[in-house]
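**Student:** Quick one, fold the following:
(chains A and B)
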Amino acid sequence: MGAMFRSEEMALCQLFIQPEAAYTSVSELGEAGSVQFRDLNPDVNAFQRKFVNEVRRCDEMERKLRYIEAEVHKDGVHVPEVKEPPRAPNPREIIDLEAHLEKTENEILELSHNAVNLKQNYLELTELKHVLEKTEAFFIAQEEIGMDSLTKSLISDEAGGQQAATRGRLGFVAGVVQRERVPAFERMLWRISRGNVFLRRAELDKPLEDPTSGNEIYKTVFVAFFQGEQLKSRIKKVCTGFHASLYPCPPSNTERQDMVKGVRTRLEDLNMVLNQTRDHRQRVLVSVAKELASWSIMVRKMKAIYHTLNLFNMDVTKKCLIGECWVPTADLPNVQKALADGSNACGSSIPSFLNCIETDEEPPTFNRTNRFTRGFQTLIDSYGVSSYRECNPALYTIITFPFLFAVMFGDLGHGCIMAMFGAWMVLKEVSLAAKKSNNEIWNIFFAGRYIILLMGCFSMYTGLVYNDIFSKSMNIFGSAWFVPYDNETLEKNPSFTLDPKASYINKPYFIGIDPIWQSADNKIIFLNSYKMKLSIIFGVIHMIFGVCMSVVNYNFFKRRYSIILEFVPQIVFLCLLFLYMVFMMFYKWISYSTFATDEAYKQGCAPSVLILFINMMLFSSNEPEPGCKEFMFDSQGTVQRVFVLVALCCIPIMLLGKPLYLLSASKKKHNKPEHSNGSVNQGIEMQEQTDISEAGQTQATPAKPAPHSHEDEPFSEIMIHQAIHTIEYVLSTISHTASYLRLWALSLAHAELSEVLWDMVLAFGLRDPTYVGGIKLYVAFCFWALFTLAILVMMEGLSAFLHTLRLHWVEFMSKFFSGLGYIFQPFCFKTILENNDEE
Amino acid sequence: MGASFVPITVFTVLWGIVGIVCPIFAPKGPNRGIIQVVLMLTAATCWLFWLCAYMAQMNPLIGPRLSNDTLIWIAHTWGNPLEAGTK
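**Tutor:** Have a look, this model is predicted:
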């Protein structure tokens, strides 16, 4: 059978691994990625497990890696991607790796520490330089005043001497403060000195770099002049309060000049040293960056291995580790090989071995998918994971999903756009997948690229059959209608209804709907009747298909009684009522004609299928038109009555058949209970003998009687379940059939919307034959194209997608799908690394 | 019966090839079953879809209602034998 027909067979296996080979074996298993380990010590706290220390070491290494990575990113060094992800390191290499990481971290730490020190130094010197340079201006200004006073002193020597004396006692402090603090600083100085401080300030044009954080800060140089020691100490206190750094500033001009010179040379030296450190750091980081990606992969793998080993159990003799895992039976040879490789890698003499054990537990569901089928499987899994080995609806969804979508979305043009988008994603698959976008919407589209491609292709086909391309029709094969009137008649009457008898060539259009309907006023009446019938036909066939799938399940799970007691009445019920309605539709299409010779089969006599069906259900009848017959064929009334009665008879079989059968079966079982109990016990004992004692215990605990089968439930519960199931089924046949009418409704909505868009927007641009019309058309086309993409393809596509999803999840899958399984999550490095990347 | 032999044969044979002959020659491998199911379902759905559209028009019970402009245009461009009836 096909690969996706049902989920793969799984086996519960026990692994016996030598402790020294455990690490390498699990590493091999992680590379193979086909086992799901079970936790054998669920009661043990996470901190008391065996390999906690190793996990901690890995955490520590991860922390270091994160630090190094942050440093590398801070300096903008490019981290190259790894081509071939490295394998998990050997236990011996772990120590090397750890030491290496430690060394690198320390080196980078020291380097950044040194750099901070140097930068601090550099900052101070720059500030000093600025202070000296800026204060120069103040002092020169002051000296000019001094010169003034000197000239004054020529006039009045006494006064001049007095002034010189005052000036001599004028002290000052110079420093740098952050710019945003200046106003507060100034106000504070004013207050403490009661206005006796004279503050001059000059802003630094260039921002300075904060040595620890690397941020830019704007600062201002200030000089505060004051009088008296007391005030000086107060000012200094204020300065420390405002984090202003004070710098010594010699009062005399020559000293200042010397100092500036000295500071400049020192700055140059320091700059050189700083550059050298920066280069060195760059070199170190570049060399680290080359290894960084592979290191982090190695550490992540190691951590995953130790986490897995924590799920293992230690043998009492401490001579081997025991693990339990689910393995797809098809992968057992791979697992064996991985184990052998693992023990070879560490040179262990005793091989590890794998032992499949019997279990009553429900194994996980594993559907092997490829990139084509994955999207469809995800659609099904997002509703519910199918039970173990249950029939997988995803296989049929590959075609039915795009097809039902296309019935609603049918338009050659829109389908073409969608198919091109899908094809582009499929063709560029490799390069697009490598980009790894974080855009969630894009990722959803990309994951469903094959679905989109198929939906587009099917929409093109249905569009061709609907004869819709951007709401216009194509007359490729020649319309089946012709105009039977002459010019005079045409001119006299504004509109005509073509009579099929006179103007139809009695051969339908070759493929799809005749193009003449596109421009007809009564197009909707014709299309409604066609599309409604179409939806019911496909809906009923889809549902019958679903009901038939349940046979496969009953047969596989050895519930053959259900085929007769559940499937047969269900299918009979569905066929006699709804397939019969479909039959009536086809019969009406074939037998009623304008060219019919029998008066009763002329067009005026065609009965409504829906009214016939309702009458059939209600056992009522309508009086036919004169000359017509109520029914389509003779004895239809009798046939219908029999059908309804048989269908009604099916309901009690559905309701009572299975519970009564189970009741009688359980009675039979109770007559000879010793035998069955004995065999169960025997089975457990046998296994305890063969396996190592502890393994036997662990396996005995989950061997509780699993309440999966209905046979163990009390009769009342089975009865209630069956009653619910029956009512649901009977009602659902009606409601689900009606639900398929959404195929018609959405298809109609889509066609109408695209027609409205054409008439309202694009036709506006097409009407004007002048030059202005060209511009109008340009603008109109822009809007038309925009709305076509945004509303008709995107929004309508989305809504059709959701409706199709519902038709599959509810209408189709409810007929056979139980979906009680849980998904198989293998221990696989690839998925672990991908998940980490997403975080 | 307004059915014509050619289209029914063409489409039945076309989708018959896709749905019955192609699955026999599906490439061997683990995905053979999937390819077969895909081909068969495609053929079945597409054939039935076409058939419904065809049968719905085989015996039209109503005719299209058209304005006289459209009718004149149709008569001219689609090459109907309207000219015979002109005065």
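**Student:** which residue sits closest to the residue in the stretch 551-700 of chain A positioned nearest to chain B, ignoring its sequence neighbours?
**Tutor:** Closest contact between the stretch 551-700 of chain A and chain B, by CB to the nearest CB, is at A:Ser593 (3.7 Å). All C-beta spots, glycine's among them, are computed from the backbone N, C-alpha and C. Once flanking residues are discounted, A:Ser593 sits nearest to B:Asn59: 3.7 Å by CB to CB, 6 or more residues apart in numbering or on different chains.
**Student:** What residue in chain B comes nearest to chain A?
**Tutor:** For chain B, CB to the nearest CB, closest residue to chain A: B:Gly33, 2.3 Å.
**Student:** re earlier: shouldn't the residue nearest to A:Ser593 be within a strand?
**Tutor:** No. Under DSSP: H, G, I helix; E, B strand; the rest coil, B:Asn59 falls outside any strand and is assigned coil.
**Student:** Run through the helices of the stretch 701-839 of chain A in chain order.
**Tutor:** Using DSSP state H, counting those that start in this stretch, the helices of the stretch 701-839 of chain A run over A:715-739, A:742-757, A:763-766, A:771-787, A:796-806, A:829-838.
**Student:** ok so, going back, the residue of the stretch 551-700 of chain A closest to chain B is in contact with A:Gln603, isn't it?
**Tutor:** Yes. With contact defined as CB atoms under 8 Å, A:Ser593 reaches A:Gln603; the gap is 7.3 Å.
**Student:** Looking at those two, which one has more neighbours?
**Tutor:** Shown here are A:Ser593 and A:Gln603; by other CB atoms under 10 Å in any protein chain shown, A:Ser593 has more neighbours (22 against 18).
**Student:** Now do that one, the pLDDT please.
**Tutor:** At A:Ser593, the pLDDT value in this model is 85.
**Student:** now A:Lys704
**Tutor:** According to the model, A:Lys704 scores 43 on pLDDT.
**Student:** and of the helices of the stretch 701-839 of chain A, who's closest to A:Gly33?
**Tutor:** helix A:829-838 (6.1 Å; CB to CB).
**Student:** Quick one: mean pLDDT over that closest one.
**Tutor:** Regarding helix A:829-838, the rounded mean pLDDT is 79.
**Student:** just stretch A:255-262 next, same as before
**Tutor:** Stretch A:255-262 shows a mean pLDDT of 85.
**Student:** Can I take it that the residue of the stretch 551-700 of chain A closest to chain B is in a strand?
**Tutor:** No. Secondary structure of A:Ser593 (three-state DSSP): coil, not part of a strand.
**Student:** now the helix or strand containing A:Pro659: how far from the chain's centre is it?
**Tutor:** When elements are assigned from DSSP states H and E, A:Pro659 belongs to helix A:636-671. Taking CA atoms, centre = their mean, to the nearest Å, the mean C-alpha location of helix A:636-671 is offset from the chain mean by 46 Å.
**Student:** and the angle from that helix to helix A:715-739?
**Tutor:** With axes from the mean of the first three to the mean of the last three CA atoms, to 10 degrees defining the directions, helix A:636-671 sits at 150 degrees from helix A:715-739.
**Student:** hmm, back to that, please tell me how far the residue of the stretch 551-700 of chain A closest to chain B sits from A:Pro500.
**Tutor:** When distance is defined by CB to CB, to the nearest Å, A:Ser593 is 8 Å away from A:Pro500.
**Student:** A:Asp269 too?
**Tutor:** 104 Å.
**Student:** Who has more neighbours out of these two?
**Tutor:** Set side by side, A:Asp269 and A:Pro500 show more neighbours around A:Pro500, with 22 against 11, by other CB under 10 Å.
**Student:** for the more buried one, phi and psi?
**Tutor:** Reported as degrees, to the nearest 10, the phi and psi values for A:Pro500 are phi -50, psi -30.
**Student:** For it, list the residues it contacts.
**Tutor:** A:Pro500 makes contacts with A:594, A:603, B:59-63, as judged by CB atoms under 8 Å, 6 or more residues apart in numbering or on different chains.
**Student:** how close does it sit to B:Leu61?
**Tutor:** Counting by CB to CB, the gap from A:Pro500 to B:Leu61 is 7 Å.
**Student:** Give me the common contacts of those two.
**Tutor:** With CB under 8 Å, 6+ apart as the test, A:Pro500 and B:Leu61 both reach A:594, A:603.
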